[in-house]
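K.L.:
Below: sequence and its predicted model.
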Amino acid sequence: MARACVQLEHHGLEPRHLRPFQAAADREFGLVERAVATLTSRKDAASHARAAEAAREISELCLTLHRALVQDRISRMDI
């Protein structure tokens with residue numbers, strides 16, 4: 001995380017510009033948390049393992065979608 005922030009700073013993005021990333025991460029986490037809530041509310045270890053795996057999978061899908069949406073916008077830039 002720190003390495004990415006330092007590299008972004010080299011492109012002119014200061015720490016104050018990174019707040020939207022934290023807000024977006026918090027919102028995405030909320031979606032993941034809601035999606036696995038049924039499994040995490042159960043007390044057995046198998047349900048918790050399934051919830052952890054589902055959370056990882058949902059997270060990866062969210063990141064893939066996010067990347068695709070940003071890349072689409074970049075491809076439409078007039079540069």
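P.N.:
Perfect, I can see it now.
K.L.:
What residues sit buried inside whichever strand or helix holds residue 27?
P.N.:
Under the criterion of DSSP states H and E, residue 27 resides in helix 19-35. Within helix 19-35, the residues scored as buried using 16 or more other CB atoms under 10 Å are 28, 32, 35. Glycine gets a C-beta too; all of them are placed from N, C-alpha and C.
K.L.:
Which neighbouring elements make contact with the helix or strand that it is followed by?
P.N.:
Sequence-wise, the next helix or strand beyond helix 19-35 is helix 37-40, with elements assigned using DSSP H and E. The helices and strands touching helix 37-40, judged by 3 or more CB pairs under 8 Å, 6 or more residues apart in numbering; DSSP states H and E, are helix 45-75.
K.L.:
For residue 49, give me the pLDDT.
P.N.:
Per-residue pLDDT puts residue 49 at 96.
K.L.:
ok, it to residue 60 distance?
P.N.:
As judged by CB to CB, to the nearest Å, residue 49 and residue 60 stand 17 Å apart.
K.L.:
before we move on, what about residue 39?
P.N.:
17 Å.
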